[in-house]
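# could you look at this predicted model? Sequence included:
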Amino acid sequence: MAYPTDPIVIAGIWTAAVMVICTYSYPLYKETYLWRLAEHTYIGTATAIVLITAIRTLIKSSVTPLMKGQTQFILLIILGLLLYTRFLPKYRHIGRWPIAWIIGVGLAVALRGIATTDVLANLRAGILPIVAETPLVSFNNIIIIITTFTSLIYFIFTREHTGALGATTKIGRYAIMTFLGSYYGNIIMARFSLLIDRIDFLLKVFGIIPF
Amino acid sequence: MAKVEEKKDIWTKLETIDQRIWYWILIVVLAAPLIRPLMLPITVTEETLAAYDVMDAIPPDGVVMVFIGAGAGMWPEVMPAMVAVMHHMYSMNTKFVLLAGAMATDYKLTVEKMFSETGWPEEHGYKYGEDWAYFGFFAGGESGFVGLVEDFRKVYKVDEYGADIEGLPLMKNINTATDWEVIWSYTSGLDWIWPIRHTSIPYGVPVLISVVAPGIPEVIPWLLSGDIAGFLGSTKGAAEYEQLIKTPGSASKNLDAINLGHILLMATVALGNIAFFVRRSRGEV
C-alpha cells in the first residue's frame, strides 16, 4: 500500500504517531506533560466511544421497539434509569433493585453452563489414555494427568502437607509454578505484540518501511 | 570523615542498571526485524490446523457467526487472525454474519479496520443481505449472547444499517444456535467461554476461538475435551493461519520481532539470575 496522500489521513496518522511517542515518553524518558496529554486524550476518546455505543444500543434495543408499541420495554428503561439514583444519597437504596436484577439474571445464565463447562469439560480434558498413538502423546498425557491431580491435591488445606501428602503437594506446587511461568510468557508475548504493532506503525509513518 | 565509595562490580551494576536503557534496547531489538525481516520458519500447531480444517469443510450454504468481542486495544493480537480468516472465507465464498458484544464497544472501528485490510465483501462479489450481514453491538454480555443463540430475533430486530431482519434473505433460516455452521469468537477477555457454554456443549455447534496470548493456557483444556474445534492463539496463531492460507500478513512479519524479543527477555532473566546467585555466593544478598 502506498503512503497516504489525503491530507486528512496524513494529519490523522501523524497525530496518532505523536500521541504514541508522547505515551512512550514515560518509560523511555520520564513522566512529562506530553505523556499526561496523551493519556488523558486516550481516556477521553475511549469514554466517548463507549458512551456513544451505549446510547445507540439503548435506542436500538429498547427505545425504538417501545416507540413501535412494544410497551414491555418501558419497565426495562425505568430499571435502567433507577441505576442513576446512586448519585442521590436520599434515594440511593432504590438503585439496588436494578443491580439485583442484573446480577440475578447474569448469575442464572452463567450457572446453567458452569457445571458442564467449568467442571465437567475440564474433568473430561483430564481423562486421557496413558497408552496413546505415539510415545510422545503418551508422555504428554501422563504429564497432564499427574500435574492435574497433584495441582488439585495442593489445594487440600484440611490436613497438614506432610509425608506422602507433602511430597504430592510439592509436585503440585511445581506444576502450578510451571503454569504460571507459561502464563507469564504468554503475557509477555501479548505485550510485545502491542508494542511491535506501535513500532511498526511509527516506522510506516516515518517512511522507514512501506505502508 | 572521608566518604568510602562502595565498589561496584559488573554483577552489582547489572542489577542496578537504569530500566530506561533496557526499554531502549527492547525497542531497537523489536524494530530491527521489522525493517529487515528475518523470515524465521513458522511451525503450524494442531489447534490452528484444526481451525483451518473446520473452515475448509464449511458447505456452500453454511453461515458463519463472526462474533467480535475484542476492542481496538487488542487489535495487534486479534486483528491479524480476523484478517486471515476473512481472507479464507472470501476464497471459499463463505457466508457470514458480523456482530459484536462484550468489550467491543468500538466495533465499528474494528470492522472498518478489518475490511480496509481484506477489502469489503462487495469487492469480493458478496451481496449484502444474501451473502453477508452486519448486526452491530448487542448489550447484556453473556445474557445477551444466550438470548441471541436461543432466539436471534429477540436480540436483533434490525441490522446495523436499520434494515428489518426479515428483509435479509440470509437470515431467513438463521435464528437459533443450531442454524449456525460455525461460530468464530474473537475475544480479548473471558467472553470466549460464552459460545462454549451455550452453543458448543448443549448443541454441538463447532466453536473456533481467536484469543489473546494470556488466554491460551485457559483455552487449551476445552480443546483437549473437544468442546472447541480449534483456536488461534494471538499473533502466533494468526501467523500459522496465514501460512495455511498462503497469504502472509502482519502476523508473519511481527513474529520475527516477537521471537527476538523473547530471546532478549530470556537473556536478561538469565543474566539477572546469574548476578543474583553470584552476589548471594559472596554473602552480599
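The structure has been received and is ready for your questions.
# now the residue in chain A that chain B sits nearest to: which helix or strand?
Residue nearest to chain B within chain A: A:G113 (3.0 Å; C-beta to the nearest C-beta). For glycine as for every other residue, the C-beta is placed from the backbone atoms N, C-alpha and C. Taking DSSP states H and E as the criterion, A:G113 maps to helix A:96-114.
# and that helix, what's buried?
A:98, A:102, A:109-110, A:113 (16 or more other C-beta atoms under 10 Å in any protein chain shown).
# need these in CSV (columns: distance to B:L232 and pLDDT).
Below are the buried residues of helix A:96-114 laid out as CSV (distance: C-beta to C-beta, whole Å; pLDDT from 0 to 100):
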residue, distance to B:L232, pLDDT
A:P98, 38, 93
A:I102, 32, 90
A:V109, 27, 84
A:A110, 25, 81
A:G113, 23, 79
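# so the residue of chain A closest to chain B sits against B:R197, correct?
Yes: look at A:G113 against B:R197 with C-beta atoms under 8 Å: they come within range, at 3.0 Å.
# list the contacts of the residue lying closest to A:L128 once chain neighbours are set aside.
Spatial nearest neighbour of A:L128, excluding adjacent residues (C-beta to C-beta, 6 or more residues apart in numbering or on different chains): A:N141 at 3.9 Å. The contact partners of A:N141, by C-beta atoms under 8 Å, 6 or more residues apart in numbering or on different chains, come to A:128-130, A:132.
# repeat that for A:I153.
Counting by C-beta under 8 Å, 6+ apart, A:I153 has contacts A:165, A:168-169, A:172.
# how about a markdown table for those, with distance to A:A11 added?
Listed next are the contacts of A:I153 as a markdown table, based on distance: C-beta to C-beta, whole Å:
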| residue | distance to A:A11 |
| --- | --- |
| A:L165 | 66 |
| A:T168 | 63 |
| A:T169 | 61 |
| A:G172 | 57 |
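# can you flag the buried ones in those?
By 16+ other C-beta under 10 Å, the contacts of A:I153 give A:168-169, A:172 as buried.
# quick one: which of those residues sit in strands?
In strands, judged by DSSP state E, none of those are found.
# find the closest residue to chain A in chain B.
B:R197 (3.0 Å).
# state the distance from the residue located most distally from the centre of chain A to A:F155.
Most distant from the centre of chain A: A:G163, at 40.4 Å, with distances by C-alpha atoms, centre = their mean. A:G163 sits 18 Å away from A:F155, going by C-beta to C-beta, to the nearest Å.
# with A:F87 instead?
In terms of C-beta to C-beta, A:F87 sits 42 Å off from A:F155.
# now the host helix or strand of B:P195: average pLDDT?
B:P195 is part of helix B:193-195 when elements are defined by DSSP H and E. Here helix B:193-195 scores 93 as its mean pLDDT.
# stretch A:121-130 now?
Stretch A:121-130 shows a mean pLDDT of 86.
# would you mind putting the CA coordinates of that stretch into PDB?
The C-alpha coordinates for stretch A:121-130 follow below in PDB (Å, rounded to 0.1, in the frame of the first residue of the first chain):
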ATOM      1  CA  ALA A 121     -15.400 -30.200  30.500                       C
ATOM      2  CA  ASN A 122     -12.200 -29.800  32.500                       C
ATOM      3  CA  LEU A 123     -12.700 -33.300  34.000                       C
ATOM      4  CA  ARG A 124     -13.100 -34.700  30.500                       C
ATOM      5  CA  ALA A 125      -9.900 -32.900  29.400                       C
ATOM      6  CA  GLY A 126      -8.000 -34.600  32.200                       C
ATOM      7  CA  ILE A 127      -9.200 -38.100  31.300                       C
ATOM      8  CA  LEU A 128      -6.600 -39.200  28.800                       C
ATOM      9  CA  PRO A 129      -5.200 -42.500  27.600                       C
ATOM     10  CA  ILE A 130      -1.800 -43.400  29.100                       C
END
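# once you drop chain neighbours, what's closest to B:F276?
B:V285 (6.6 Å).
# do stretch A:175-195 and chain B meet?
Yes: using C-beta under 8 Å from any C-beta of the partner chain, stretch A:175-195 reaches chain B at A:179, A:182-183, A:185-190, A:192-195.
# pull out the buried residues from these.
The neighbour count (16+ other C-beta under 10 Å) marks A:183, A:185-186, A:188-190, A:192-195 as buried among the residues of stretch A:175-195 next to chain B.
# now do the contacts for A:T41.
Going by C-beta under 8 Å, 6+ apart, the list of residues near A:T41 reads A:M19.
# what's the helix or strand for it?
Going by DSSP H and E, A:T41 is in helix A:33-58.
# how about B:V44?
Going by DSSP H and E, B:V44 is not in any helix or strand.
# show me what contacts the nearest residue to it once chain neighbours are set aside?
In space, and not counting its chain neighbours, B:V44 is closest to B:E240: 4.5 Å by C-beta to C-beta, 6+ apart. By C-beta under 8 Å, 6+ apart, the contact list for B:E240 reads B:42-45, B:48-49, B:232.
# interface residues of the stretch 51-200 of chain B facing chain A?
B:73, B:75-77, B:105-107, B:109, B:136-139, B:141-143, B:146, B:155, B:157-158, B:193, B:196-198.
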